[in-house]
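1. Provided below for reference: sequence and predicted model.
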Amino acid sequence: MMKLKKGDNVIITTGKDKGKKGKILEVFPSANRVVVEGANISKLHEKSRTKGKAGQIVEKPMPINASNVMIVDPKSGARTRVGIKKIDGKNVRVTKKSGSELK
């Protein structure tokens with residue numbers, strides 16, 4: 001089970017973008033991958049859509065493995081693991097460091 005969701009603030013722990021912080025833009029649970037804004041940027045060559053205009057190079061963030069990112073604790077700003085607690089009969093994601101609830 002993936003404990004990361006779209007909109008979570010994360011920090012990258014390994015790879016060429018190590019230490020970068022960003023928001024998760026997209027999650028692929030079946031592939032265990034996430035897309036983080038400003039990380040793993042790839043240059044894609046696009047053909048022109050209309051006649052007479054030139055093509056262009058577009059920078060796009062590509063997916064990285066979910067094991068290479070960690071949630072940023074909303075209280076301390078440090079990286080932390082995620083746990084699940086039952087509050088009022090509902091499963092809620094909480095941080096291990098401060099115990100604060102993740103929305």
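-> Perfect, thanks for sending it.
2. check contacts around the spatially most central residue of the chain.
-> In the chain, the centroid-proximal residue (C-alpha atoms, centre = their mean) is Ile24; its distance is 3.0 Å. Taking C-beta atoms under 8 Å, 6 or more residues apart in numbering, we find Ile24 in contact with 4-8, 10, 34-37, 69. (Glycine included, C-beta is placed from N, CA and C.)
3. and which of the residues you listed is nearest Asp88?
-> Nearest to Asp88 among these: Lys5, at 19.7 Å, using C-beta to C-beta.
4. the closest one contacts Glu26, doesn't it?
-> No: using C-beta atoms under 8 Å, Lys5 is not in contact with Glu26; the gap is 10.7 Å.
5. tell me the mean pLDDT over the biggest strand by length in the chain?
-> Longest strand of the chain, by residue count under DSSP state E: strand 21-28. Regarding strand 21-28, the rounded mean pLDDT is 97.
6. narrow the contacts of Ile24 to those in strands?
-> Members of the contacts of Ile24 lying in strands (criterion: DSSP E): 10, 34-36, 69.
7. looking at those, spot the one nearest Thr80.
-> Among these, and counting by C-beta to C-beta, the member closest to Thr80 is Val10, at 10.5 Å.
8. can you tell me how far the closest one sits from Pro61?
-> Note on Val10: its distance to Pro61, by C-beta to C-beta, to the nearest Å, is 13 Å.
9. shared neighbours, the two?
-> The contact lists of Val10 and Pro61 share Val36, where a contact means C-beta under 8 Å, 6+ apart.
10. who has more neighbours out of the two?
-> Neighbour count, other C-beta atoms under 10 Å: between Val10 and Pro61, Val10 has more, with 22 against 18.
11. separation between that one and Met70?
-> 6 Å.
12. same check, this time on Lys3
-> Lys3 sits 10 Å away from Met70, going by C-beta to C-beta.
13. and these two? Which one has more around it.
-> Between Lys3 and Met70, counting by other C-beta under 10 Å, Met70 is the more crowded of the two (17 against 13).
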